[in-house]
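> need a 3D model of the sequence below.
(chains A and B)
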Amino acid sequence: MADEVVLLGFWISPYGMRARIALAEKGVKYEFIDKDPRENWPYLLQMNPVHKKIPVLIHNGKPICESLVIVEYIDEVWKDRSPLLPSDPYQRAQARFWADYVDKKIYEAGKKVYRTKKGEEQEAAKKEFIDMLKLLEKQLGDKAYFGGDRLGLVDIALIPFYSWFETYEKFGNLNIEIECPKFIAWANRCMQIESVSKSLLPNQHKVYEFIADALKKLGFS
Amino acid sequence: MADEVILLDYWVSPFGMRVRIALAEKGIKHEYREEDLRNKSPLLLQMNPVHKKIPVLIHNGKSICESLIAVQYIDEVWNEKSPLLPSDPYQRSQARFWADYVDKKIYEVGRNLWTKKGEEQEAAKKEFIEALKLLEQELGDKTYFGGDKIGFVDVALIPFYTWFKGYETFGNINVEKECPKFIAWAKRCMQVESISKSLPDQDKVYGFIVEITKKFGLE
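Predicted structure coming up:
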């Protein structure tokens, strides 16, 4: 019986992108339902009653929620190809640690950069954000990817935020390439990978326009 | 060569308790080191430079940080007995989802119960009871979240039970009245040896909370 795989997502969500990259790495055919979760979406509420958020992976009718839980699930079900986590337990723990670091830190820090007004608060937010990228650069070291020679859990957790970089840079008056050249080099390497680039990461400019528009509506300038 | 296992911990931390339970379930001999969080040891700062927090599991000199990551590590390394996660991928994803839910909800909301006042506290009370009811629903008729034996979600959640006297007294709630199934589950857990011998007495934890609230003028 063929697998039925559906992904509920929203094009701009870095969390949704993680699931899409994982599915593409594994070559899994799926239906992508792209919708703004703020709109009326009863199916989403039914599939994720606890958090009411995307992404939600629905495999043969059963929902899996939370992006990193979804990525590990995909890795375990379609385990015959393109492993996303290492097999060694210590290395798995390290991969999970850094993916968790990305979750705890990057989204909020990035948000502060584009949500705070120019001045001390924004300068502090920018510094915090750059410091995090530098820590990740250190963790990457000389490796091509966080996963080693291939994409792994941390690459998948992190690369979606790259599509938000124009937003961070324009609003924050930042030049990330100057501050963190190794990070940008890693991001460019990821973008060469088919599962990442093939229509998975939205155009950075599209993201910027969407956020700029949303902020205008909220009364920010 | 014998394994060297060290746990850097703080007695009252629910996150540390998770790792203690996992080590006990697997019967792993280890050295427990109590940290003074106002004066963190050089070893802690060296082993967890990113977050500088406990618990830190150190296995043959290598550190594993973040309690749920440490529990999964323990489950994967000492995999011959007492599995904490199910073998089926879908059930594993559900266990991870609910452990993550505990992480996102119980600690922060519970904390607001004893640190906030007025409207904020009322909101926290409502949110806390709702979260426990949702967990009761997820438990259903099972003995434990793990089924017939304790599993990942039980390990993630039961430590917060040691804080209940604090939550109830400061938050002015009666958890047993609102969520009897939850309390019944908690009591069953406390009958499990690896749990009862890993958790501090509720009265001791309550004493700790009273001391903190006095110190920071939160009464």
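
> top helix in the chain by residue count?
Just so you know, I chose chain A. helix A:89-115 (DSSP state H).

> that's the other chain; I wanted chain B
helix B:89-115.

> from the chain's centre, how far out does that helix sit?
Offset of helix B:89-115 from its chain centre (Cα atoms, centre = their mean, to the nearest Å): 10 Å.

> so that helix, near chain A or not?
Yes - using Cβ under 8 Å from any Cβ of the partner chain, we find that helix B:89-115 touches chain A at B:89-90, B:92-94, B:96-97, B:100-101. Backbone N, C-alpha and C define where each C-beta goes, glycine included.

> between that helix and helix A:89-115, how many degrees?
50 degrees (axes from the mean of the first three to the mean of the last three Cα atoms, to 10 degrees).

> helix B:89-115 packs against which elements?
Packing partners of helix B:89-115 (3 or more Cβ pairs under 8 Å, 6 or more residues apart in numbering or on different chains; DSSP states H and E): strand A:62-65, helix A:67-77, helix B:67-77, helix B:118-139, helix B:152-157, helix B:164-171, helix B:202-215.

> returning to what we had before: how about CSV for the residues of helix B:89-115 next to chain A, with pLDDT and neighbour count added?
Formatted as CSV, the residues of helix B:89-115 next to chain A follow (pLDDT from 0 to 100; neighbours: other Cβ atoms under 10 Å in any protein chain shown):
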residue, pLDDT, neighbour count
B:P89, 98, 18
B:Y90, 98, 16
B:R92, 98, 20
B:S93, 98, 25
B:Q94, 98, 22
B:R96, 98, 23
B:F97, 98, 21
B:D100, 96, 19
B:Y101, 97, 21
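
> can you tell me which of the residues you listed is nearest A:I184?
B:D100 (30.9 Å; Cβ to Cβ).

> show me the contacts for the closest one.
Residues near B:D100 by Cβ atoms under 8 Å, 6 or more residues apart in numbering or on different chains: A:66, A:69, B:68.

> repeat for A:F146
A:95, A:98, A:139-140, A:152-155, A:158 are the contacts of A:F146 under Cβ under 8 Å, 6+ apart.

> leaving out chain neighbours, which residue sits closest to it?
Excluding the flanking residues, the one nearest A:F146 by Cβ to Cβ, 6 or more residues apart in numbering or on different chains is A:V154, at 3.6 Å.

> any chance of the residues of helix B:89-115 next to chain A in JSON lines with distance to B:K165 as columns?
Formatted as JSON lines, the residues of helix B:89-115 next to chain A follow (distance: Cβ to Cβ, whole Å):
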{"residue": "B:P89", "distance to B:K165": "39"}
{"residue": "B:Y90", "distance to B:K165": "37"}
{"residue": "B:R92", "distance to B:K165": "33"}
{"residue": "B:S93", "distance to B:K165": "34"}
{"residue": "B:Q94", "distance to B:K165": "30"}
{"residue": "B:R96", "distance to B:K165": "30"}
{"residue": "B:F97", "distance to B:K165": "29"}
{"residue": "B:D100", "distance to B:K165": "26"}
{"residue": "B:Y101", "distance to B:K165": "23"}
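
> residue contacts, A:G147?
A:G147 is in contact with A:84, A:86, A:95, A:153-155, counting by Cβ under 8 Å, 6+ apart.

> in CSV, list those residues along with pLDDT and distance to B:F152.
Output for these, formatted as CSV (pLDDT from 0 to 100; distance: Cβ to Cβ, whole Å):
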residue, pLDDT, distance to B:F152
A:L84, 98, 20
A:P86, 97, 20
A:A95, 98, 18
A:L153, 98, 18
A:V154, 98, 22
A:D155, 97, 26
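
> which of these fall within helices?
Short answer: the contacts of A:G147 in helices (DSSP H) are A:95, A:153-155.

> host element of B:L8?
strand B:5-9 (DSSP states H and E).

> got it, and B:M17?
Here B:M17 is assigned to helix B:14-25, by DSSP H and E.

> that helix to helix B:89-115, inter-axis angle?
140 degrees.

> can you tell if helix B:14-25 touches chain A?
No - contact of helix B:14-25 with chain A (Cβ under 8 Å from any Cβ) is absent, the minimum separation being 12.3 Å.

> so what secondary structure elements neighbour that helix?
Helices and strands touching helix B:14-25, by 3+ Cβ pairs under 8 Å, 6+ apart, are strand B:5-9, helix B:67-77, helix B:152-157, helix B:193-196.

> which elements pack onto the third one?
Here helix B:152-157 is seen to pack against helix B:14-25, helix B:67-77, helix B:89-115 when contacts are counted using 3+ Cβ pairs under 8 Å, 6+ apart.
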